[in-house]
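Peer 1: Kindly generate the corresponding structure for this input.
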Amino acid sequence: MEIPPKSPDGSEKSPHSKELITSPTGSTLCMSSRSESVWTSTPRSKWDIYHKPIIVVSVGAAIFLFGTVITSLSFFLTKNTNVYKMSGPAFLSLGLMLLVCGLVWIPIIRKKQKQRQKSQFLQSLKSFFFNR
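Peer 2: Numbering: from 1, shown residues only. Modelled structure (predicted):
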């Protein structure tokens, strides 16, 4: 069984809990960090915002096309048709899944961006009216 470490002054409280209680910035930390992040955040480019879903969509489209080619090979080639018939639909489904996930991800990011802009506007209004 592990014994919690004692603080240097000999009290039973751990040093972490004492710091949390006696910290002068503890009550204002959440408020200041939110308002500072609104003003200090640099504007991001479209690529910074949408690069992950674009990569997922393009990889999904490539895998889907690869699955289409492999599936079509099973009809034209006479050797190893079982391999093509098994792996072709697997690549088709994987590519389609990635393609749809990426295409759904883009509207979700747009909605979050709109909510963030509304939140920044409301935060600035709140700070304008309540910090007088």
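
Peer 1: Mind naming the longest helix for this structure?
Peer 2: helix 81-130 (DSSP state H).

Peer 1: packing partners for that helix?
Peer 2: Counting contacts by 3 or more CB pairs under 8 Å, 6 or more residues apart in numbering; DSSP states H and E, helix 81-130 is packed against helix 29-40, helix 46-76. Yep, even glycine has a C-beta here, placed from its N, CA and C like the rest.

Peer 1: any idea of the angle the last one forms with helix 81-130?
Peer 2: Here helix 46-76 runs at 160 degrees with respect to helix 81-130, directions being taken by axes from the mean of the first three to the mean of the last three CA atoms, to 10 degrees.

Peer 1: avg pLDDT for helix 46-76?
Peer 2: The predicted model assigns helix 46-76 a mean pLDDT of 93.

Peer 1: Mind giving me the packing neighbours of that helix?
Peer 2: So helix 46-76, by 3+ CB pairs under 8 Å, 6+ apart, packs with helix 81-130.

Peer 1: tell me the mean pLDDT over the helix it packs on?
Peer 2: 89.

Peer 1: how many neighbours does V104 have?
Peer 2: By the measure other CB atoms under 10 Å, the count of residues near V104 is 10.

Peer 1: For K111, give its distance to K85.
Peer 2: 41 Å (CB to CB, to the nearest Å).
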